[in-house]
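Visitor: have a look; sequence and predicted model below, questions after that.
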Number of protein chains: 2
Amino acid sequence: MDYELYMKAALMEARKAFEEDEIPVGAVVVVNDRIVARAHNMTQRLNDVTAHAEMQALTMASAQGGKYLPEATLFVTLEPCIMCAGALSWAQIGRIVYGARDTKRGYGIVENCISSQSLSLLHPKTEVVGGVMEAECAGLLKEFFGKKR
Amino acid sequence: MDYELYMKAALMEARKAFEEDEIPVGAVVVVNDRIVARAHNMTQRLNDVTAHAEMQALTMASAQGGKYLPEATLFVTLEPCIMCAGALSWAQIGRIVYGARDTKRGYGIVENCISSQSLSLLHPKTEVVGGVMEAECAGLLKEFFGKKR
C-alpha cells in the first residue's frame, strides 16, 4: 500500500480546512486500495468539537462499508486525539496511518501511559503507522497557527 | 440541582433506544436548569459506532449553546466510554452525571490508570458524579441484553 499516495489525499483535505479557516487536519479512509471517504476538520463551521476529520471520515465510511471497518485504513494528517482513538477503537479499524505527531492532545501520551498495564485506547488488532509525510502535515499546521498570531 | 429529575429524563431517552432495539443509553444536557438537548444511542439505526447518546447530545447542545459548554451538565444513564470522555473534554463540559458504571468499556478504567501520572481524559474543571439512579439505569441494560440471549 502506497502510504504517501493516500496521505497526499488526506493533505488535500487538510488544505481545504486551511482555506476555510479550520485547523488544517484532513483524513481519508481506504478499503481495497480505494478511497471510500474524504473529510476535513469542521469544528468551526459546524460549531461542534466532535467534528474532527477522523470522526467525519468514519461516519462516511460506515455509511458505505458497515459499522465495523477491520479491512479499512484511516489516513490522517495529525495523530488522532483520545476521542478519535476511542471512535476508531469502536470501529475496529484495521490500520491508522498518521502524519504529524501531536505531543499535547494526541492519544499517544495516554497510550504510552496505559500500555504498561496491558491496556490500549485502540482495538487490539489495529496497526498504527506514524510520521508519514510528517514534515508536510506539520508544516501546514505550523503555517496555520503562525498566521493566527 | 435535582440529579434524579434529569436522570429520569435521560432514562426516558434510554427507553426510546430500547424500543428501537438499540443498546439503551440516554442522555440529556442541562444548562440553567433547562434541558437543551435530549438524545439516545443510535449506533444501529445510523450504522455508525460514533452515534452514542452523549455524542448526539453534545452536538445538539453545541448547536444552541456554543462549542464549549462549561456551564452545562451532561446526564447519561451509563458511564461514558473513552470516545465520549474525549468529546466531553473538548467541550469543556462543566459536569458529568452518570447512572450505571461500565467496568468494561467505561472511561474510568483508563482514568484510574493515568491519574497517578497527573493525566486525565477529562477537562481539569469537569466535575463527575457517578451512580445516580444506578439500579434503574443498569436494570434497563440488563433487561436489554437478557432479551438478546
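Guide: Everything's here; your move. Residues are numbered from 1 along each chain as shown, chains lettered A, B, ... in the order given.
Visitor: quickly check: stretch A:119-137 near chain B or not.
Guide: Yes - for a cut-off given as CB under 8 Å from any CB of the partner chain, stretch A:119-137 has contacts with chain B, namely A:L119, A:L121. In this view, the C-beta of every residue, glycine as well, is placed from N, C-alpha and C.
Visitor: name the residues of chain A found near chain B, please.
Guide: Applying CB under 8 Å from any CB, we find that chain A lies next to chain B at A:43, A:46-50, A:55, A:58-59, A:62-63, A:66-68, A:81-87, A:89-91, A:109-110, A:113-114, A:117, A:119, A:121.
Visitor: mind checking which helix or strand A:A87 is in?
Guide: Using DSSP states H and E, A:A87 sits in helix A:82-90.
Visitor: show me what the following helix or strand past that helix is packed up against.
Guide: Once helix A:82-90 ends, the next helix or strand along the chain (criterion: DSSP H and E) is strand A:95-100. For strand A:95-100, the elements it packs on are helix A:3-19, strand A:72-78, strand A:127-129, helix A:134-148, judged by 3 or more CB pairs under 8 Å, 6 or more residues apart in numbering or on different chains; DSSP states H and E.
Visitor: now strand A:95-100: buried residues?
Guide: A:R95, A:I96, A:V97, A:Y98, A:G99, A:A100 (16 or more other CB atoms under 10 Å in any protein chain shown).
Visitor: that one: how far from the chain's middle?
Guide: Its chain's average C-alpha position is 6 Å from that of strand A:95-100, according to CA atoms, centre = their mean, to the nearest Å.
Visitor: list the contacts of the residue lying closest to A:A14 once chain neighbours are set aside.
Guide: Leaving aside its chain neighbours, A:A14 sits nearest to A:G26 (3.4 Å; criterion: CB to CB, 6 or more residues apart in numbering or on different chains). Contacts for A:G26 (CB atoms under 8 Å, 6 or more residues apart in numbering or on different chains) come out as A:9-17, A:38-41, A:53, A:76-77.
Visitor: phi, psi of A:A39?
Guide: phi -160, psi 160 (degrees, to the nearest 10).
Visitor: helix or strand for the nearest residue to it once chain neighbours are set aside, which one?
Guide: Spatially, and ignoring its direct neighbours in sequence, A:A39 is nearest to A:Q56 (3.6 Å; CB to CB, 6+ apart). Per DSSP H and E, A:Q56 falls inside helix A:53-65.
Visitor: and for that helix, what's in contact with it?
Guide: Residues from elsewhere that reach helix A:53-65, judged by CB under 8 Å, 6+ apart: A:10, A:13-14, A:17, A:25-29, A:31, A:36-42, A:69, A:71-72, A:74, A:76-77, A:80, A:83-84, A:87-88, A:91, A:93, B:47-50.
Visitor: what angle do it and helix A:82-90 make?
Guide: 20 degrees (axes from the mean of the first three to the mean of the last three CA atoms, to 10 degrees).
Visitor: roughly how far is helix A:53-65 from the heart of the chain?
Guide: Distance of helix A:53-65 from its chain centroid, counting by CA atoms, centre = their mean, is 11 Å.
Visitor: buried stuff in it?
Guide: Under the neighbour-count criterion of 16+ other CB under 10 Å, helix A:53-65 has A:A53, A:E54, A:M55, A:Q56, A:A57, A:L58, A:T59, A:M60, A:A61, A:S62, A:G65 buried.
Visitor: that one to strand A:72-78, inter-axis angle?
Guide: Between helix A:53-65 and strand A:72-78, the angle comes out at 160 degrees (the same axes, to 10 degrees).
Visitor: if we can go back for a sec, now the two most distant members of the buried residues of strand A:95-100.
Guide: Greatest spacing in the buried residues of strand A:95-100, by CB to CB: A:R95 and A:A100 (17.6 Å).
Visitor: neighbours of A:V31, how many?
Guide: Neighbour count for A:V31, taken as other CB atoms under 10 Å in any protein chain shown: 16.
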